[in-house]
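Trainee: here is a sequence together with a model predicted from it:
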Amino acid sequence: MNPTKLPQVMVATARHRGVRDVLGTMIDGIALCANVALVRIWLVTPDEHCPLCRAREDSSTPTRSLHLVASAGTSRTPHTDYTRLDGAFHRFALGERKIGRVASTGEPLLLAGLRGDEEWIADRAWVAREGIRTVAAQPLVFRGDVLGVLALFDRGVLDAAVSIANARAFEEIDVLRARLEEENDYLREEVTAALGIGDFVGESPGLQKVLRQVQLAAPTDASVLITGESGTGKELVARAIHDRSARAGRALIKVNCSAVPDSLFESEFFGHVRGAFTGALKDRPGRFELADRGTLFLDEIGEVPLAMQAKLLRVLQEREFERVGDSRTRKVDVRVIAATNRDLKREVEAGRFRQDLFYRLSVFPVAIPSLRERREDIPPLAMHFAAQSARRLGRPAPRVPQVALGQLTRHDWPGNVRELQNVVERAVILCQGGPLRFHLEPPALNGPSRQPQATMTPSLLTRKDLKRLERESIASALRQADGKVFGPNGAAELLGMKPTTLASRIAALGLRGKKSAD
């Protein structure tokens, strides 16, 4: 294996979430290296957790064994499928044969210069047929525990120096795998804590209705359209639906449609081949391809231009597409969850959104109420965010006076839950161990009764007009925030937008901003 290939493997793994997907992507990259015949990963797991081993009903097997979870390679024999996991070497008991001994001892293995007739070889015909000259196996160790074994079957003769490089590469792979696994856990906790699975924050009828809709929609493959004002938690609801679905083990791929330039939508969705357009230096898969057998979350779906809406409708109906510049038709199995803060029915009436696409996306609509429509949830949300912020800052949970909770409840929260979270976190930072105090703008300045400036514009705006208004609004917010995008009093908070979304729009519009104050 050439260690210089490792960064390419790591980049590919960053597109995935599920641990088994990550491992599969890693070995796919290693299998492309010169002379590699076969590469496999076994993980130590209880036998009862393995569907293949449960089906065998062999009660004499140990409780924990090595189970094959990823396999890839290039065979000299046509039609050989090295991705299968259910073959004769699917399972090894700890200490059994050389793979099992690597797991039980934690010591790597290098057997170079094989003749093919060694007694320990289980399938000599296969070794001869594939021309295997080297077998290398590396334990995957994390925090002192052997989690599994990565084995490489190579047609070349690897020396000790290459083996050491392999060992270091395997260690980096395992650290990355562990980091992605922890990131998965963090994302699940984020959904659980903030909006969605297992422990909703709030008991209002509106929130309980959203929970029931999540529970109904998740087990199906129906397209879901999530509507609600900015900051209500549309992305968290999408994650909640994905995590409770049969696709939870696959990737949830996100596309912020408002951050994609019109000319790049097709490439972003469907990918492109090398030379398809200026700057296309290599083949690149699109978001639909990355989300195959998983879920694709299209945020701000109302921003997709009309010309692209027809192509989006086709892939939803036919489950097939072509990369830009390619004639090959590719099949895809993707569940789509879309979100918007626009009234898409009015967009349809105005001719800015296709009616057939609207009906295709809104098979199961989920409407998230604004925070001012569920004021009874504000006190428990504030207490939750205060405890969460204090924990993150390493401080004891602050006291929230009842008068302060009443102040929060009376506020209209145009930025919804996101604004409330930012206000509470700022108060936790400033409280210095005392009770929380909140400094809010008077309701007359930001309540729903205030007519937004946009109502003074003509009822029908061209896309050019909308872009101009967006640019002016963002530029004004940047001036007020002294160029600061992220954090308290930043432009993102003033506009009620996600900081990452605003940063993407600033780049797309050619504006300048900074992440934090100097």
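Mentor: Okay, I see it. Numbers count the residues shown, from 1 in each chain.
Trainee: please, where are all the helices along the stretch 151-300 of the chain?
Mentor: Assigned by DSSP state H, counting those that start in this stretch, the stretch 151-300 of the chain shows helices spanning 160-194, 205-217, 234-243, 265-270, 287-290.
Trainee: okay, now the domains of the chain?
Mentor: 3-185, 195-367, 371-446, 453-509 (automatic domain parsing).
Trainee: part of a helix, is residue 43?
Mentor: No - if the criterion is DSSP: H, G, I helix; E, B strand; the rest coil, then residue 43 is strand and not within a helix.
Trainee: was I right about it contacting residue 147?
Mentor: Yes - if you go by Cβ atoms under 8 Å, residue 43 and residue 147 touch, sitting 6.1 Å apart. Heads up, the C-betas are built off the backbone N, CA and C, glycines and all.
Trainee: now for these two: what residues contact both?
Mentor: The contact sets of residue 43 and residue 147 overlap at residue 140 (Cβ atoms under 8 Å, 6 or more residues apart in numbering).
Trainee: and the closest residue to residue 218 other than its chain neighbours, backbone torsions?
Mentor: Leaving aside its sequence neighbours, residue 218 sits nearest to residue 244 (Cβ to Cβ, 6 or more residues apart in numbering; 3.6 Å). Dihedral angles of residue 244 (phi, psi; degrees, to the nearest 10) stand at phi -100, psi 0.
Trainee: doesn't residue 211 make contact with residue 244?
Mentor: No - between residue 244 and residue 211 there is no contact under Cβ under 8 Å: 10.9 Å.
Trainee: and the helices in the stretch 351-500 of the chain?
Mentor: Under DSSP H, counting those that start in this stretch, the stretch 351-500 of the chain gives helices at 355-361, 378-393, 402-410, 416-431, 443-446, 463-480, 491-495, 499-509.
Trainee: and residue 94, how many neighbours?
Mentor: 18 (other Cβ atoms under 10 Å).
Trainee: so what's it up against?
Mentor: 44, 62, 64, 65, 66, 100, 103, 104.
Trainee: following the chain onward from the helix or strand harbouring residue 339, which element is next?
Mentor: Residue 339 belongs to strand 335-340 when assigned by DSSP states H and E. Moving toward the C-terminus from strand 335-340, the next helix or strand (DSSP H and E) is helix 344-349.
Trainee: same for that next one, what does it pack against?
Mentor: helix 355-361 (3 or more Cβ pairs under 8 Å, 6 or more residues apart in numbering; DSSP states H and E).
Trainee: residues of the helix it packs on that come out buried?
Mentor: Residues of helix 355-361 classed as buried: 357, 358, 360, 361 (neighbour count, 16 or more other Cβ atoms under 10 Å).
Trainee: now swap in stretch 429-439 and tell me
Mentor: By neighbour count on 16+ other Cβ under 10 Å, the buried set for stretch 429-439 is 431, 436, 438.
Trainee: equivalent analysis for stretch 341-353, please.
Mentor: Quick answer for stretch 341-353 (16+ other Cβ under 10 Å): 341, 344, 347, 348, 352, 353.
Trainee: restrict it to CA atoms and write it as PDB.
Mentor: Output in PDB follows, covering the C-alpha atoms of stretch 341-353 (Å, rounded to 0.1, in the frame of the first residue of the first chain):
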ATOM      1  CA  ASN A 341     -39.300  29.200   5.200                       C
ATOM      2  CA  ARG A 342     -41.300  30.400   2.100                       C
ATOM      3  CA  ASP A 343     -44.900  29.800   1.300                       C
ATOM      4  CA  LEU A 344     -44.400  27.400  -1.700                       C
ATOM      5  CA  LYS A 345     -48.100  27.500  -2.600                       C
ATOM      6  CA  ARG A 346     -47.800  31.200  -3.300                       C
ATOM      7  CA  GLU A 347     -44.500  30.500  -5.200                       C
ATOM      8  CA  VAL A 348     -46.400  28.100  -7.300                       C
ATOM      9  CA  GLU A 349     -49.200  30.600  -8.000                       C
ATOM     10  CA  ALA A 350     -46.600  33.200  -8.900                       C
ATOM     11  CA  GLY A 351     -44.900  30.800 -11.400                       C
ATOM     12  CA  ARG A 352     -41.700  30.700  -9.400                       C
ATOM     13  CA  PHE A 353     -42.000  27.000  -8.300                       C
END
